[in-house]
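> Only the shape, not the letters, is given here:
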């Protein structure tokens with residue numbers, strides 16, 4: 001797979017592709033191997049990203065480090081092939097990149113890549129998208145765990161969630177059997193107990209939430225604003241009201257309510 005083919009298969013916007021290909025004409029990926037190879041280990045990927053950012057210096061809209069990341073992704077594709085993981089899962093996982101570009105465009109009106117710090121999880125085969133959900137595999141001490149992440153374009157209906165969970169079990173059996181009995185956790189605003197006061201009982205969000213045992217809640221966190229309203233720097237009285245959820249949450253916040261963030265363990269799905 002070439003760099004252009006990768007850009008096309010994950011459907012990057014042509015403006016972004018043009019910038020990447022121009023940078024790539026003067027970029028030598030092998031020269032930076034001692035930095036980017038650190039992105040393939042959870043113990044060194046933060047260090048690797050920091051070194052790359054320092055090396056690139058001024059990086060308008062993150063296009064230089066994106067070019068590096070995409071070249072790394074070509075190597076990740078080879079790792080997928082070696083393990084026999086389908087190209088469909090590869091594409092679904094790597095579409096993290098265009099999804100967050102579109103999110104930035106929707107929020108700020110221009111494309112920028114500001115999520116390089118997260119993407120080593122996908123590069124190093126620690127995180128995969130299977131169906132509607134993303135699954136990050138990690139160890140806490142010597143105990144394997146899987147952390148669930150909910151992509152912004154996920155449709156979290158019952159059938160979709162069940163298909164994703166079942167797909168995960170099959171995936172683990174085939175490729176990562178050491179995780180087959182791992183507990184599944186989620187750290188998200190979607191688990192915030194306050195949502196029960198705002199949403200109807202047949203809400204897809206509450207269906208998802210009810211499948212978890214909530215372990216902890218941070219009522220002071222305002223990170224939920226980034227996911228419901230795309231940014232967290234808007235005064236409550238200026239929050240948009242484009243969706244049912246936005247309207248309900250805005251009223252709740254203006255009345256002094258708190259949404260926050262919660263952490264929980266999957267107890268089952270039905």
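Received the coordinates, thanks. Keep in mind it's a predicted model, so treat the numbers as computed, not measured.

> what's the neighbour count on residue 16?
By other C-beta atoms under 10 Å, the residues close to residue 16 number 20. Backbone N, C-alpha and C define where each C-beta goes, glycine included.

> Also residue 264?
Using other C-beta under 10 Å, residue 264 has 21 other residues around it.

> helix or strand for it, which one?
strand 261-266 (DSSP states H and E).

> Distance from the chain centre to that strand, please.
16 Å (C-alpha atoms, centre = their mean, to the nearest Å).

> Repeat that for stretch 112-129.
Taking C-alpha atoms, centre = their mean, one finds stretch 112-129 lying 7 Å from the centre of the chain it belongs to.

> So which bits of it are buried?
112-113, 115-116, 119-129 (16 or more other C-beta atoms under 10 Å).

> Once you drop chain neighbours, what's closest to residue 52?
residue 35 (5.2 Å; C-beta to C-beta, 6 or more residues apart in numbering).

> Need phi/psi at that neighbour.
phi -90, psi -50 (degrees, to the nearest 10).

> neighbours around it, how many?
That count, for residue 35 with other C-beta under 10 Å as the rule, works out to 19.

> Pull the contacting residues for it.
Each residue near residue 35 by C-beta atoms under 8 Å, 6 or more residues apart in numbering is listed here: 48, 51, 52, 55.

> Of the buried residues of stretch 112-129, which pair is most distant in space?
Taking C-beta to C-beta, the two most distant members of the buried residues of stretch 112-129 are 112 and 125; they sit 26.3 Å apart.

> follow-up on the earlier one: just the buried subset of the contacts of residue 35, please.
48, 51, 52.

> Which ones among these lie within helices?
48, 51, 52 (DSSP state H).

> what residues are up against the residue nearest to residue 2 when sequence neighbours are not counted?
In space, residue 2 comes closest to residue 74 once its chain neighbours are excluded; the distance is 7.9 Å by C-beta to C-beta, 6+ apart. Neighbouring residues of residue 74 by C-beta under 8 Å, 6+ apart: 1, 2, 3, 6.

> Identify the farthest-apart pair in the contacts of residue 35.
The distance between the two most remote of those (C-beta to C-beta) is 10.5 Å, for 48 and 55.

> Let's have the ones in helices among the buried ones among the contacts of residue 35 in a markdown table, adding pLDDT and distance to residue 180.
Output for those, formatted as a markdown table (pLDDT from 0 to 100; distance: C-beta to C-beta, whole Å):
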| residue | pLDDT | distance to residue 180 |
| --- | --- | --- |
| 48 | 98 | 30 |
| 51 | 98 | 35 |
| 52 | 98 | 34 |
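
> ok, the residues you listed vs residue 78, which is closest?
Taking those together and measuring to residue 78 by C-beta to C-beta, the closest member is residue 48, at 18.5 Å.

> quick one, what contacts the closest one?
By C-beta under 8 Å, 6+ apart, the neighbours of residue 48 are 35, 36, 37, 38, 39, 120.

> per-residue confidence for the last one?
Same thing as residue 120. The model reports residue 120 with a pLDDT of 97.

> What separation do you get for the residue nearest to residue 2 and residue 123?
To residue 123, residue 74 is 10 Å away according to C-beta to C-beta, to the nearest Å.

> Verify the stated contact: residue 93 with residue 128.
Yes. Counting by C-beta atoms under 8 Å, residue 93 does reach residue 128; the two are 5.2 Å apart.

> what sits in contact with each of these two?
122, 134.

> Assumed residue 233 was part of a helix.
No. Assessed with DSSP: H, G, I helix; E, B strand; the rest coil, residue 233 is coil; it does not lie in a helix.

> where exactly do the strands run in the stretch 151-270 of the chain?
Listed in chain order, the strands of the stretch 151-270 of the chain (DSSP state E, counting those that start in this stretch) span 183-188, 212-218, 261-266.

> could I get these as JSON lines with mean pLDDT?
Conversion of the strands of the stretch 151-270 of the chain to JSON lines gives the following (pLDDT from 0 to 100):
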{"stretch": "strand 183-188", "mean pLDDT": "97"}
{"stretch": "strand 212-218", "mean pLDDT": "96"}
{"stretch": "strand 261-266", "mean pLDDT": "97"}
